[in-house]
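S.K.: Quick one: sequence and predicted model below, then my questions.
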Amino acid sequence: MEELDEAWNDFVAIDADPPPKREICSRCERPNTACYCSAITPSPIPLRNHLIMLQHPNEVKRCLRTTKIIELSLPPSHYHLYRAKRFTPKRFPDLFALLDSGERENILLFPSPTAVPLASLPPIPEKTGSKSATAYNIVVLDGTWSQAKVMFNSNATLRSMRSVALDNTAPSRYVIRTQPTETCLSTVEAVALLLAHLEEQPDIVELLTSPLKTICDHQINNGAVEHQSKEYLITNGLYGKPLKKRVKKYLDLNLKLNIKDLVC
């Protein structure tokens with residue numbers, strides 16, 4: 001009976017209120033101990049083009065969203081964020097007003113079969129016929145690769161745009177997250193390369209990726225480890241899960257291409 005009384009006293013002594021949460025930075029929305037605001041450029045990066053971010057709803061659940069870096073680094077007048085899987089004029093009139101204004105050419109960052117390399121895209125749109133656009137609406141899909149494909153296939157407006165593919169060969173600086181391949185990039189890194197080229201400002205790459213490095217450095221200093229890409233793990237026999245046929249086909253093709261480059 002005495003043990004029961006002691007157990008009851010311990011139970012009663014349990015605090016009914018939830019434990020205090022960590023203080024959150026009101027700007028970057030990260031815990032104050034992991035705030036990266038000091039790495040954000042002091043003033044917004046001036047832009048000629050407009051960046052339109054179409055974000056998959058599930059991306060909000062991620063604790064580390066690199067789109068916040070973009071939002072804090074660009075002028076609000078040239079950065080637009082819309083969240084959904086499907087985008088219609090009725091639901092997103094402001095978005096379609098931007099796309100249909102005719103003031104800028106709409107381009108989409110997506111590796112479709114008809115995508116042109118970023119390097120081949122002129123910083124200023126070429127005037128064709130009656131078009132006189134002097135800048136771009138740069139549309140970026142924010143989500144996992146499978147989420148981005150769903151968004152692309154579900155929106156005819158996106159499929160009608162000229163698509164652009166990055167010709168990146170450098171590894172991602174987002175080292176605390178496992179990337180699918182060696183050259184896959186986070187959203188902020190992809191946007192940095194796009195804007196650096198189309199704005200003709202090479203320093204944009206460092207301005208936008210510096211906060212990302214700050215995030216990664218903090219995580220690693222507090223116990224996180226650097227992640228290798230799935231491609232690296234698979235090709236080096238370090239991936240323990242079974243592979244799908246299309247993954248094996250991709251890796252076999254990639255290996256053949258690399259061998260061809262070495263021979264040539």
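M.R.: Cool, got the structure. Values in this document were obtained by computation on a predicted structure and should not be read as measured data. Numbers count the residues shown, from 1 in each chain.

S.K.: now residue 92, nearest residue through space, not along the chain?
M.R.: Distance criterion C-beta to C-beta, 6 or more residues apart in numbering; nearest residue to residue 92, sequence neighbours excluded, is residue 82 at 5.6 Å. For the C-beta atoms, the positions are set from N, CA and C on the backbone; glycine is no exception.

S.K.: and the gap between that neighbour and residue 116?
M.R.: Using C-beta to C-beta, to the nearest Å, residue 82 is found at 24 Å from residue 116.

S.K.: Next: residue 170.
M.R.: 20 Å.

S.K.: didn't residue 52 look like it was pressed against residue 136?
M.R.: No. Using C-beta atoms under 8 Å, residue 52 is not in contact with residue 136; the gap is 9.8 Å.

S.K.: Could you check which of those two has the larger neighbour count?
M.R.: residue 136 (25 against 21; other C-beta atoms under 10 Å).

S.K.: Any idea what the more buried one is bridged to?
M.R.: For residue 136, the residues forming beta bridges with it (DSSP bridges) are residue 105.

S.K.: how much space is there between it and residue 104?
M.R.: From residue 136 across to residue 104, the span is 5 Å (C-beta to C-beta).

S.K.: can you list residues touching both of these two?
M.R.: Listed contacts common to residue 136 and residue 104 are 49-50, 125; contacts here mean C-beta atoms under 8 Å, 6 or more residues apart in numbering.

S.K.: which stretches of the stretch 1-150 of the chain have low pLDDT?
M.R.: Applying pLDDT under 70 to the stretch 1-150 of the chain picks out residues 1-21, 62-64, 127-132.

S.K.: And the helices in it?
M.R.: Taking DSSP state H, counting those that start in this stretch as the criterion, the stretch 1-150 of the chain carries its helices at 2-13, 67-73, 93-99, 145-154.

S.K.: For residue 22, which residues are in contact?
M.R.: Contacts of residue 22 by C-beta under 8 Å, 6+ apart are 31-33.

S.K.: run the last query once more with 7 Å
M.R.: Taking C-beta atoms under 7 Å, 6 or more residues apart in numbering as the criterion, residue 22 is in contact with residue 31.

S.K.: one step back: spit out the residues that contact residue 52 and residue 136 alike.
M.R.: By C-beta under 7 Å, 6+ apart, no residue touches both residue 52 and residue 136.
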